[in-house]
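Undergrad: Got a sequence here, can you build the structure:
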Amino acid sequence: MSVTLPNRSQTGWPRRGLNQFDNKYMQQNKPLTLERTINLYPLTNYTFGTKEPLYEKDSSVAARFQRMREEFDKTGMRRTVEGVLIVHEHRLPHVLLLQLGTTFFKLPGGELNPGEDEVEGLKRLMTEILGRQDGVQQDWVIDDCIGNWWRPNFEPPQYPYIPAHITKPKEHKKLFLVQLQEKALFAVPKNYKLVAAPLFELYDNAPGYGPIISSLPQLLSRKVLFEQFRSWLSEVMQVELENTVDISYVLLCHDDELEGRRIAFILYLVPPWDRSDGGTLDLYSTDEHCQPQQIVKSLLPSLNTLVFFEVSPVSFHQVSEVTSEGKRRLSVSGWFHGRSLERPPRYMEPTQPRTPHIPRDESLLYEWVNPQYMDLAYQAQVQEEFEESSEILLKDFLKADKFDMVCEALRKSDIVWKRRGPPNKRCYECAEEAVLPECVSQCWELLASEAMFLLLSNFTGLKLHYLASGDDDDNDEEEDDEEKEEADETVAGSSDAAGNSIDGLEEKEAPGKTMEEPSAPVCRGELRRWRHGDYTIVHDTDVGNAEFALDLLLFLGCEDWQTEYGGFTSYIANGEDEELLTIYPENNSLALVYRDKETLKFVKHVNHQSLERLRKNPDRQGFYDFSFVYYE
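TA: The predicted structure is shown next:
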């Protein structure tokens, strides 16, 4: 096959004019060829004769391992090679196997001599086992190595890898594909039979054929798909590829860029499919910072269709949610590896602004917060619980009338919602603070108020206000004498003035006073709306989440919200998959979580099942939360 490549466009997805990411390692406009092929000929093309029996060197399994042990001490690891010979019968591929007795099968091959070349050694062994006896030299064409097996100990088990704890394997076996001539004569030792086993019969049939022979279907398909296909892709895409392949499945927006990934591919194995089934491959445009913006193209899955693209800093894409109940979006997807492209500098988003508390006294708390949470004894109980697990859920936090008023305003007012991205990090809507309805603005003011800072200090034991006594004030022996004296004076003054009570706050305190201190507590917050398709993703450029902080979530509009809809907040340890904590949306509940630098969080994708709630109640378009973060 020979095709002349058209000139490569430098615009559009995924390149969009980023010439610096063009490949530097391949010549341009090479003709496309798939030169390497494996020819299969019918079994009837081959003639089978017999010759003298060929016996094993060892009389028993025990004797074989004893000889292996002795040779290992002298020459080291044993090297063996075996040939894979393929023919076809009724147009189905068959593998030629040597059968000994009724249940033992093996591939032709054997041990290499010390220092012997693998290919030449396999040719020698093939001639010894199947070569003619009439003096005509058999021409064995040895192709690629398609498999490796190791024996870690002087025992029967062999593995297609070296176990991690093994430093000196006892045997290394290589399987080579042998390209048969169109016609040939084979002389089979009288104590063996040469049988043609259907390839499909070998698959996952270790009890019948052993683990090595039963792995051949996988090894051969890998050669066709991941080696010959790789060669063709390398020429089409003009990207130099290695023989490393990863297989996986993904969903939300990402660029596939990990070390060495060069070409991504998807082979669709789907039933008849239309757009109402979802599952499209969506491609994103990018901005000047190489961040994804809008979906510019959606590709519908189609049976036996192959999609592939070059992986680059701008190859952002996603698989949209599969919404069909009766169909499965089956596909084989993965990456071919090669020399990595140079990445542009990693873009760091501007951090959200942090502000000190708003100077509001305790009357704001008494106006909005459930009286139960204003009781000092109850606050001490909450703090005791929180210090045990670093998290707590406070139900019915706001007074019922205030909560209902805010929920009503969220549903009916003309709030300006702005979508937050980019989609490789987050996708949800947040409200414009400047134009909020009065009651919603007051709720925001409550969460950012000085009184709230002190209340949270009493709930958690954290020092979010100068009136709150902290453990560090009494126990930090590393402070110098002057700082310790100042801290002691602050604690003493706080205790004398208010006993750490909310009532100790006075409106006359100068606004912003705490900002004069080096570590003045601050916060940042937003009002978010969560609907179908929204989510956040854990990422490694979120500076705001890479430090100790107190997270606050106040949920609203969560009536009839089910767990299976998604939208819950998960906390995980950095580098781990297991969830440490999951917070589910629950009306008028205040969730508090103290996290360290190694704790990450994300909001689970809100899936299409949430639309069932909307169909039953058209005024319930998702749910809302106030999301605030407080820093000591």
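
Undergrad: From the centre of the chain, point out the most distant residue.
TA: Note on the chain: the largest C-alpha distance from the chain mean falls to residue 134, namely 60.0 Å (CA atoms, centre = their mean).

Undergrad: can you tell me how far residue 583 sits from residue 115?
TA: 65 Å (CB to CB, to the nearest Å). Quick note: C-beta positions are derived from backbone N, CA and C, even for glycine.

Undergrad: out of those two, which sits in the more crowded spot?
TA: residue 583 (21 against 8; other CB atoms under 10 Å).

Undergrad: Toward the C-terminus from the helix-or-strand element of the chain with minimal mean pLDDT, list the very next helix or strand.
TA: Lowest on mean pLDDT, DSSP states H and E among the helices and strands of the chain sits helix 481-498, with a mean of 42. As assigned by DSSP states H and E, the chain's next helix or strand after helix 481-498 is strand 522-530.

Undergrad: Give me the contact list for the helix or strand just after that next one.
TA: Sequence-wise, the next helix or strand downstream of strand 522-530 (DSSP H and E) is strand 535-536. Applying CB atoms under 8 Å, 6 or more residues apart in numbering, the contact partners of strand 535-536 are 252, 425-428, 566, 601-606.

Undergrad: which SSE is residue 383 in?
TA: Going by DSSP H and E, residue 383 is part of helix 376-389.

Undergrad: what helices or strands is that helix leaning on?
TA: Counting contacts by 3 or more CB pairs under 8 Å, 6 or more residues apart in numbering; DSSP states H and E, helix 376-389 packs against strand 391-394, helix 450-460.

Undergrad: From the contact counts, what lies against the first one?
TA: To tie it back to what came earlier, the one meant is strand 391-394. Using 3+ CB pairs under 8 Å, 6+ apart: strand 391-394 touches helix 376-389, strand 590-595.

Undergrad: Wait, a helix at the residue farthest from the centre of the chain?
TA: No - Residue 134 is assigned coil when assessed by DSSP: H, G, I helix; E, B strand; the rest coil, not a helix.

Undergrad: For it, what are phi and psi?
TA: Main-chain torsions, residue 134, degrees, to the nearest 10: phi -100, psi 10.

Undergrad: From residue 95, how far off is it?
TA: 26 Å.

Undergrad: cool, residue 406 as well?
TA: Applying CB to CB to residue 406 and residue 95 gives a distance of 71 Å.

Undergrad: domain parsing for this structure?
TA: Under the assignment the TED database, the domains of the chain span 43-215, 239-338, 355-465+518-631.

Undergrad: end-to-end on the second one?
TA: For domain 239-338, the first and last residues are 8 Å from each other (CA to CA, to the nearest Å).

Undergrad: which regions of the stretch 501-632 of the chain lie under the pLDDT threshold?
TA: Low-confidence segments of the stretch 501-632 of the chain, defined by pLDDT under 70: 501-519, 540, 543-544.

Undergrad: what do you get if the cut-off is 50, keeping everything else the same?
TA: 504, 506-517 (pLDDT under 50).

Undergrad: same check, this time on the chain
TA: For the chain, the ranges with pLDDT under 50 are 1-35, 247-250, 472-485, 487-499, 504, 506-517.

Undergrad: Helices of that one, start to end?
TA: Using DSSP state H, the helices assigned to the chain run over residues 61-75, 118-130, 199-202, 206-214, 216-223, 229-237, 363-368, 376-389, 400-412, 438-447, 450-460, 471-475, 481-498, 610-616.

Undergrad: list the buried ones in the third one?
TA: By that I understand helix 199-202. 199, 202 (16 or more other CB atoms under 10 Å).

Undergrad: quick one on the thing from earlier: which one, of the helices of the chain, ends up nearest to residue 45?
TA: Taking CB to CB, helix 118-130 is the member of the helices of the chain nearest to residue 45, at 15.0 Å.

Undergrad: Would you mind listing the buried residues in the closest one?
TA: 121-126, 129-130.

Undergrad: ok, now which ones touch residue 563?
TA: Per CB under 8 Å, 6+ apart, neighbours of residue 563: residue 584.

Undergrad: separation between it and residue 609?
TA: For residue 563, the distance to residue 609 - CB to CB - is 10 Å.

Undergrad: Ok, residue 155 next?
TA: Residue 155 is 52 Å from residue 609, by CB to CB.

Undergrad: Look at these two and report which has more neighbours.
TA: Neighbour count, other CB under 10 Å: between residue 155 and residue 609, residue 609 has more, with 14 against 10.

Undergrad: Just list the residues touching the more buried one, thanks.
TA: 562, 564-565.

Undergrad: and with 10 Å instead?
TA: Neighbour list for residue 609: 321, 323, 532, 562, 564-566 [criterion: CB atoms under 10 Å, 6 or more residues apart in numbering].

Undergrad: likewise residue 221?
TA: Contacts of residue 221 (CB under 10 Å, 6+ apart): 199, 203.

Undergrad: Could you pull out the buried residues of stretch 429-439?
TA: So for stretch 429-439, counting by 16+ other CB under 10 Å, buried means 429-431, 436-437, 439.

Undergrad: No further queries at this time; thank you.
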